[in-house]
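My questions are about this predicted structure, shown below with the sequence.
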Amino acid sequence: MAHSLEGHVALVTGSTTGLGKGIAQALGTAGAKVGINYFNNTERAEKALAEFEALGAEGMIVRGDVSTPDGVADVCGAVASQFGPIDILVPNATPDQPHKPIEDYDWEFYQQMIDFFIKSPFLLTKAILPGMKEKKWGRIINITSEVYHRSVGEFSGYVAAKGGQIGWSRSMATELAPFGITVNTVSPGWIPTERHDKDPQEDKDAYFSTIPAGRWGTPQDVGEAVRYYASEEASFITGQTLCVNGGLSPW
């Protein structure tokens, strides 16, 4: 199988809905054993696992707040205990992302963005890095966003944290390349998922009109990009950003 991930263990954080769910399914159907992480909704997580297993994939659900040291230790420990050392890491968990002018933000919100998009990848990487270095093989794939590249306004906390995540990924790519570990980012455009159900239709229509490909992206599109980065075929690619937005790349 092209891009086979047989024999590998993946952790995808925030993966019971939306993009994370599509990513977990893509890795699982390629043969990886997948830790499906959630924090708030056990019923939804159990449903996501059932859908995942119906695809013939092997996974487990693991609850934990991956923006905290204790949560990261619990999640990584549970996956490693059942499946073995994690060698594919996809930090994807995200909080709400309201659009506001800077006057309406406070530092608490900014800190939350930093905790999810910089602190969490940092803690997760430190937790699993010894196993990757011992194996001399690893994949760290951060899910960033086109909002950084497109300099989206009234979104400053999210944009700033995503920019930091991209910078951190590039630095780690250089640092970890000698150990056979690649670090890349996948940068989706606006892909409607459950979290966008209440977004104004006029906003969706306006964005859709700008997509050169003429269709909405899907979680599966993002999952396929992640699967490629995770594969052996991508072993000489690191420090890169793959935009998944149907050609909407004006930078």
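Right, received. Where do you want to start? Residues are numbered from 1 along each chain as shown.

Can you pull up the most central residue in the protein?
Nearest residue to the geometric centre of the chain (Cα atoms, centre = their mean): residue 92, 2.9 Å.

correct me, but it touches residue 144?
No - the pair residue 92 / residue 144 is not scored as a contact, 10.2 Å apart, by Cβ atoms under 8 Å. C-beta here means a position set from N, CA and C on the backbone, and glycine is covered the same way.

Can you tell me how far residue 249 is from residue 219?
20 Å (Cβ to Cβ, to the nearest Å).

which of these two has more neighbours?
The neighbour comparison of residue 249 against residue 219 (other Cβ atoms under 10 Å) goes to residue 219, with 21 against 13.

That one reaches residue 193, doesn't it?
Yes - look at residue 219 against residue 193 with Cβ under 8 Å: they come within range, at 6.5 Å.

what touches both of the two?
18-19 (Cβ atoms under 8 Å, 6 or more residues apart in numbering).

For residue 243, give me its contacts.
146, 149, 187-189, 249.

Derive a ChimeraX selection command for the buried subset of the residues you listed.
Buried residues within the contacts of residue 243, by 16 or more other Cβ atoms under 10 Å, are selected in ChimeraX with:
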select :146,149,187,188,189
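
Identify those among the contacts of residue 243 that sit within helices.
Counting by DSSP state H, the part of these found in helices is 146, 149.

Need the three-state assignment for the residue nearest to the centre of the chain.
coil (DSSP: H, G, I helix; E, B strand; the rest coil).

Show the model's pLDDT score for it.
Listed pLDDT for residue 92 reads 98.

and the gap between it and residue 188?
10 Å.

Can you check which residues contact both of these two?
What both residue 92 and residue 188 touch, as defined by Cβ under 8 Å, 6+ apart, is the set 19, 143.

of all the contacts of residue 243, which comes closest to residue 30?
Taking Cβ to Cβ as the measure, residue 30 lies nearest residue 188 of the contacts of residue 243, at 19.2 Å.

which parts of stretch 129-148 are buried?
Those would be 129, 131-132, 137-148, for stretch 129-148 by 16+ other Cβ under 10 Å.

mean confidence score for whichever strand or helix holds residue 124?
Using DSSP states H and E, residue 124 sits in helix 120-135. Helix 120-135 carries an average pLDDT of 98.

Contacts for that helix, please.
11, 13, 66-69, 72-73, 76, 80, 85-87, 89, 91, 93, 138, 140, 142, 165, 168-169, 172, 176, 179-181.

Would you list the buried entries among the residues you listed?
By 16+ other Cβ under 10 Å, those give 11, 13, 66-67, 72, 76, 80, 85-87, 89, 91, 93, 138, 140, 142, 165, 168-169, 172, 176, 181 as buried.

so of these, which ones are in strands?
11, 89, 138, 140, 142, 181 (DSSP state E).

mind listing what the first one touches?
By Cβ under 8 Å, 6+ apart, the contact set of residue 11 is 34-35, 37, 75-76, 79, 86, 88-90, 124, 128.

Relative to residue 106, which of the residues you listed is nearest.
Of the contacts of residue 11, the one sitting nearest to residue 106 (Cβ to Cβ) turns out to be residue 124, at 26.6 Å.
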